[in-house]
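A.B. asks: for reference, the sequence and a predicted model appear below.
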Amino acid sequence: MSSIHDLWKETLVNPDFRSTKPRSNGCTMVLDKGLGLGTFHDLLQIAGEYIDFIKLGFGTAGITPQKLLQEKIALANQYQVGIYPGGTFLEIAYAKKMHHHYLETISSLGIKWLEISDGMIELSLSERSSLIRQAQEIGFDIITEIGKKSAGSALDIESFLRIYEHDRSHGATFIIVEGRESGKNIGIYDEKGHICIPRLKAIFHQTDPDAIIWEAPQTSQQIEFLKQIGPKVNLGNISPPEVLSLECLRRGLRADTFSLTSFTK
Amino acid sequence: MSSIHDLWKETLVNPDFRSTKPRSNGCTMVLDKGLGLGTFHDLLQIAGEYIDFIKLGFGTAGITPQKLLQEKIALANQYQVGIYPGGTFLEIAYAKKMHHHYLETISSLGIKWLEISDGMIELSLSERSSLIRQAQEIGFDIITEIGKKSAGSALDIESFLRIYEHDRSHGATFIIVEGRESGKNIGIYDEKGHICIPRLKAIFHQTDPDAIIWEAPQTSQQIEFLKQIGPKVNLGNISPPEVLSLECLRRGLRADTFSLTSFTK
Amino acid sequence: MSSIHDLWKETLVNPDFRSTKPRSNGCTMVLDKGLGLGTFHDLLQIAGEYIDFIKLGFGTAGITPQKLLQEKIALANQYQVGIYPGGTFLEIAYAKKMHHHYLETISSLGIKWLEISDGMIELSLSERSSLIRQAQEIGFDIITEIGKKSAGSALDIESFLRIYEHDRSHGATFIIVEGRESGKNIGIYDEKGHICIPRLKAIFHQTDPDAIIWEAPQTSQQIEFLKQIGPKVNLGNISPPEVLSLECLRRGLRADTFSLTSFTK
């Protein structure tokens, strides 16, 4: 390609704000609710560079035709994207006392990351550490999620921090702050999906920001996180068609975050 | 495939709740507003097992390039999915006195199901039975829809039941309760899309539940129907990206319906 | 194909309302926020006949892998669809005093239309005419956009008309009325996305309607424009899955606009 394009890319699209993969911050986690194989490949081809994780939402991994599931996993691995089933699926297995079997199955499918959550079931701290240990022995890298999934479940900061410290000290790489698919009336969001800024700040200032992934399904939430924390915030539950839009927001390539960047006329 | 996956699927994804196709209940009808051919094939490949009907929304069948339309119909037939144009298109043909021509055309395209509605036009009971008869003579299986499409058109239960009895006794296999694409301010939904439970119950208790398809485009509506009626409720106007999510809801593989299933710790 | 299909298409899908491409009115402009290559091709194949422009939203053109971007441009040109980056990207280049370089780069990529806007930056009328002139010299056809992107930016009609006259007299083919992706609290939309009809009428009656493209991302807005102005209104920021739905609305093939057409029973 001619150098004019390279110059354009280097000067206009703000590479300074972004590291390349594998990243330790500025991560984007996509929520896949059941993309077909062609669409999945399409997404990785155009936006794979900007996707760090793909979560196979809910229990969809269990009802996807197995051949397709394996092709999706192979594609994700090829594009250096961590792919893993939603924590809900492990919770179901745990409730049925089949979690060990579950862990072995998804490991045998080529999945390398595991999400551990207790959005529906209850896990004591000792149950959490036991699950983390089992998963580590099989070879998984660990993501845990903190927060209940029932409507109106506001995060209690004190208990969040207690679980955060526990999970991190037991080896969890990332901690997800629950936001669900809706981003409303859950976690740090009110009924309209607005962020409770004091709770955001309480978590931000008492944790390692690089270890936190905020589930932020709505564009307005993504913008607010970028304003509050900056382009290197880790964001999750991004809808597949929104990945390039979010990447534009991170780089000041969309009106809403243009003023956050260093551009001056 | 190794037996570990089979064991996983048999034990975790609740096959008990679901029959295989062709189903007499637990049907899912998808609203296709104009999927491209690749995306359409993609959808059938990943979720065809869970899709019973695809409605080609509004009059889109008439403005889809004919070669593509025929390829979509062939694919749907191959995956044992009943595909048919939205009732609106037949209403337009009826208003132009071209319904016989319309029926012959879609039949010649390989379409086997017909939706008869009067969301915009008025059909007397004798006009309904005459249309049903003409369609049956050509060989169609019949789905009728009850409900007006204008905003604020609440269902009148008495008149619903009169038309229901009429259509069923004339051979309609399924009766759709109008919900439109929005699911708001229409049929049994209020302006915010909440279900009017007394009306739902009035219909449910005075009809054959297996013969009713509830148009339920919003996730919150799907959850409410599953709570009120159970996993074998027939639901329609499902958005293509939501098919696997709905299947998870039916099987208790998503947090919102987890407690409806028989899992115990 | 047998003549029955042709008869059907000629009589039922209202060709009278629609001209073929290239059109001078009734244009549809699609907002592409980052479609993958397969999905992009899929869209053109099924709906290319009804798409006049595709806007590569925000600065997505700058972060799309260059080979893919070139394939998208080639496909759009092949389907006679004008493809161009959102005005925001040019504003960023302008703010960095790199607009000449930007114009040359996108021209070298095969892009023939240019959108000039000042949604984030300020452009005086003389700066607008200078930018238009530079772009024309490179060979671009010009679309300008009028309106600020910050929330609550209601259009001032007098200043709109002043800029409209200026841009038209300097050779802009189309003038876009800002509506953003949301269609809320912007331009002629209130916080709920309702159109301010007096402002719509003020613009409509004091401009050449064929030269105006109204950004109308929401279905309810598209319906209202069709009711107020008719099927030949130019509409923009249409979501890719909604193109066939909008085309149905234009032709009276969807319930909401059925009564606008000449059908009588």
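C.D. replies: Sure, I can see it.

A.B. asks: in contact with residue A:115, which residues?
C.D. replies: Residues counted as contacts of residue A:115 (CB atoms under 8 Å, 6 or more residues apart in numbering or on different chains) are A:55, A:84-87, A:90, A:143-145, A:176. Using the backbone N, CA and C atoms, a C-beta is placed for each residue, glycine as well.

A.B. asks: one more time with 6 Å
C.D. replies: Contacts here follow CB atoms under 6 Å, 6 or more residues apart in numbering or on different chains; on that basis residue A:115 touches A:84, A:87, A:143.

A.B. asks: what's the spacing between it and chain B?
C.D. replies: Computed as CB to the nearest CB, to the nearest Å, the residue A:115 to chain B distance reads 13 Å.

A.B. asks: who's that residue bridged to?
C.D. replies: On the basis of DSSP bridges, residue A:115 is bridged to residue A:143.

A.B. asks: now the stretch 101-250 of chain A against chain C: closest residue?
C.D. replies: For the stretch 101-250 of chain A, the nearest residue to chain C under the criterion CB to the nearest CB is residue A:244, separated by 3.0 Å.

A.B. asks: show me which residues of the stretch 1-150 of chain A are close to chain C?
C.D. replies: Taking CB under 6 Å from any CB of the partner chain as the criterion, the neighbours of chain C within the stretch 1-150 of chain A are A:1, A:4, A:8, A:12-13, A:38, A:42-43, A:45-46.

A.B. asks: tell me the one of the residues you listed nearest chain C?
C.D. replies: For these, the closest approach to chain C (CB to the nearest CB) belongs to residue A:42, at 2.7 Å.

A.B. asks: which non-adjacent residue is nearest that closest one?
C.D. replies: On the basis of CB to CB, 6 or more residues apart in numbering or on different chains, the spatially nearest residue to residue A:42 that is not a chain neighbour turns out to be residue C:36, at 2.7 Å.

A.B. asks: so for whichever helix or strand residue A:29 is part of, what gets flagged as buried?
C.D. replies: Taking DSSP states H and E as the criterion, residue A:29 maps to strand A:28-32. Applying a neighbour-count criterion of 16 or more other CB atoms under 10 Å in any protein chain shown, the buried positions in strand A:28-32 are A:28-32.

A.B. asks: do it and chain B meet?
C.D. replies: No - contact check for strand A:28-32 against chain B, using CB under 6 Å from any CB: none in range, with a minimum separation of 9.3 Å.

A.B. asks: tell me the mean pLDDT over that strand?
C.D. replies: Mean pLDDT, computed over strand A:28-32, is 98.

A.B. asks: what helices or strands is it leaning on?
C.D. replies: Counting contacts by 3 or more CB pairs under 6 Å, 6 or more residues apart in numbering or on different chains; DSSP states H and E, strand A:28-32 packs against strand A:53-56, strand A:234-238.

A.B. asks: output the contacting helices and strands for the last one.
C.D. replies: Helices and strands touching strand A:234-238, as assessed by 3+ CB pairs under 6 Å, 6+ apart, comprise strand A:28-32, strand A:212-215.

A.B. asks: would JSON lines of those with distance to residue B:132 be doable?
C.D. replies: Compiled in JSON lines, the helices and strands packed on strand A:234-238 are given as follows (distance: least, CB to CB, whole Å):
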{"stretch": "strand A:28-32", "distance to residue B:132": "42"}
{"stretch": "strand A:212-215", "distance to residue B:132": "49"}
